[in-house]
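> below are the sequence and a predicted model for it; my questions follow.
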Amino acid sequence: MKKIHQSLVLLLVIFLCACQQVGPGEKKEDQQKVAKGQEEVKEAQIARLFFVGDVIYHYPIYKNLARNENPTQFRTHYELMEPYIQGADFALANYEGSVSPDGQTHSYPMFRAPHETIDALKLNGFDALSTANNHCLDGGVDGAKKLIDLCQEKGLYQFGTYKDPDKKGILVDINGIQVGFLAYSEMFNGLDSLAKNEPYLISPLNLDQVKADIDKMRPQCDYLIVLPHWGTEYAQGPSDHIKAMANEILSYGADAIIGSHPHVVQGLERRNDGKFIAYSLGNSLSNQKRAFQNTKRVEGGLALELTLSKREKTRVIGLKEIATMVVRRQGLAQVAACQDIMDGKIPGISQEDLARSQELYQQVLEDTTKY
C-alpha cells in the first residue's frame with residue numbers, strides 16, 4: 001500500500017507540473033516564445049539628422065584662403081558649426097554650384113568652386129551633399145561629373161546629379177533606420193541642353209518622375225526625404241503652386257520635404273500626420289548681403305535638427321530650428337548659430353555681428369513660422 005501511495009503522489013506532482021508549464025490551448029513552444037518576448041524589451045532606434053541650406057562659394061568667401069589642395073583652410077567656413085554637424089548621426093548640405101575638371105574657379109554668375117571645398121566639408125563632419133540645383137551645370141557636363149568623383153573620393157554621399165543612368169537618390173542606414181533621399185531642381189539656368197546626350201546626369205523637378213522614384217524607393221526605406229530646388233528667389237513665402245506641388249509629393253509617399261533656392265527662409269509647415277515641409281532653408285554659406293539684394297533676409301539661414309525614432313514604425317520625435325548667419329572673424333567668413341553669438345560662446349565677434357545676430361535670429365524665427 002505504501003508503494004501504491006507513493007506512486008499516486010508522484011503522478012499527482014507530474015500532473016501539476018505539466019499544468020503549470022503549459023496553459024489551456026497553448027503549446028509549450030508558444031509559451032516559451034511569450035516568455036522570451038517578455039524578457040526582451042525592444043529599445044527604440046534613434047537617428048539624429050542635421051540639414052543646412054544653400055552653400056554658395058562666392059569668391060569673397062574664399063579669396064583669403066590658401067589653396068594648393070589644402071582643405072584645412074576651407075574647413076574654417078563651418079568650424080563654428082561643427083558641434084552641431086558632428087553631433088548628428090548624419091549631416092547634409094545643399095551644394096549650390098559645380099567645379100571645373102582642372103580646378104579653375106569662377107564666381108557669379110557661373111559658380112565653379114575650389115576642389116578643396118569638398119574635402120573641407122567632409123572634415124567639418126558633413127556626410128552628404130545634395131547637388132540638384134540651377135547651378136549644377138555651371139562647370140559643364142565634365143564639371144558635374146568631376147564633382148561627383150570628388151565626393152566619392154572623399155567619402156561623401158552625393159545625390160541629385162548622376163553618372164549612372166540607373167541611379168536615383170541614396171538610401172542610408174542611420175543607426176538601423178533606413179532613410180531615403182531624393183533631390184530635384186526646377187531650373188538649370190538654360191544649361192540643361194548640355195546634358196541632352198546624358199539626360200540622367202540631372203534631375204528635373206518633374207512630378208511624374210518624382211512619383212516613379214518614390215514608388216521605387218519607398219518599399220526600401222523607413223523614412224523618405226525629398227529635397228527640391230524650387231520657387232522664386234527672395235520671395236516673401238512659397239507660392240500657391242509650390243504649396244500644391246509640396247502636398248502632391250507628400251501624397252506620393254514622401255515623409256518630409258526640405259527645399260532650397262529662394263536664398264531666404266520661407267517657412268516650416270508641420271502637418272497633423274507627422275510629415276513636414278521646410279519650403280526653403282535660405283542661405284547657409286554665401287556672400288549675399290542686404291546691400292546687394294535689398295533685403296536682410298538673405299543674411300539669415302535656417303538649420304534643422306531632425307530626430308527619428310523607430311520601433312515598429314518610424315516617427316519624428318524632434319524637429320529643432322537653428323537660426324544661422326555668416327560672421328567675419330580675422331578676415332574669414334564663417335557660419336555660426338545666432339544663439340551661440342548672443343550667448344557669448346564665440347570669441348572675436350564684432351559689435352556689428354552681435355547686433356546682426358539678434359536681428360537675424362528674430363527674422364529667421366518670423367520667416368519660419370509666418371508662411
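Noted; the coordinates are in hand. Residues are numbered from 1 along each chain as shown.
> residues contacting Ala303?
Contact partners of Ala303, counting by Cβ atoms under 8 Å, 6 or more residues apart in numbering, are 50-53, 81, 84, 281, 284, 321-324, 337. All C-beta spots, glycine's among them, are computed from the backbone N, C-alpha and C.
> would you mind checking those for buried ones?
Neighbour counting with 16 or more other Cβ atoms under 10 Å marks 50-53, 81, 84, 281, 284, 321-324, 337 as buried within these.
> narrow those residues to those in strands?
Phe50, Phe51, Val52, Gly53, Ser284, Glu321, Ile322, Ala323, Thr324, Ala337 (DSSP state E).
> got the residues you listed as a markdown table, with distance to Leu365 and pLDDT columns?
Formatted as a markdown table, these follow (distance: Cβ to Cβ, whole Å; pLDDT from 0 to 100):
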| residue | distance to Leu365 | pLDDT |
| --- | --- | --- |
| Phe50 | 19 | 98 |
| Phe51 | 17 | 98 |
| Val52 | 17 | 98 |
| Gly53 | 16 | 95 |
| Ser284 | 17 | 98 |
| Glu321 | 8 | 98 |
| Ile322 | 11 | 98 |
| Ala323 | 7 | 98 |
| Thr324 | 12 | 98 |
| Ala337 | 13 | 98 |
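> name the nearest of those residues relative to Ile174.
Nearest to Ile174 out of these is Phe50 (Cβ to Cβ; 11.4 Å).
> for the closest residue to the closest one other than its chain neighbours, list the residues it contacts.
Of all residues not flanking Phe50 in the chain, Ala88 sits nearest, at 3.7 Å (Cβ to Cβ, 6 or more residues apart in numbering). By Cβ under 8 Å, 6+ apart, the residues touching Ala88 are Arg48, Leu49, Phe50, Gly125, Glu305.
> next one: Gln73
Contact partners of Gln73, counting by Cβ under 8 Å, 6+ apart, are Leu65, Ala66, Arg67, Glu116, Ala120.
> among these, who's most crowded?
Compared across the contacts of Gln73, Ala120 has the highest neighbour count, 24 neighbours, by other Cβ atoms under 10 Å.
> please report how far that one lies from Gly237.
Going from Ala120 to Gly237 by Cβ to Cβ, to the nearest Å gives 33 Å.
> hang on, Gly190 in a strand?
No - in this structure, Gly190 is coil, not part of a strand, as judged by DSSP: H, G, I helix; E, B strand; the rest coil.
> what residues are up against it?
No contacts exist for Gly190 under Cβ under 8 Å, 6+ apart.
> so for stretch 65-80, first residue to last residue, what's the gap.
17 Å (Cα to Cα, to the nearest Å).
> before we move on, what about stretch 121-140?
One end of stretch 121-140 sits 22 Å from the other (Cα to Cα).
> about what we covered before: inside helices: which ones of the contacts of Gln73?
Glu116, Ala120 (DSSP state H).
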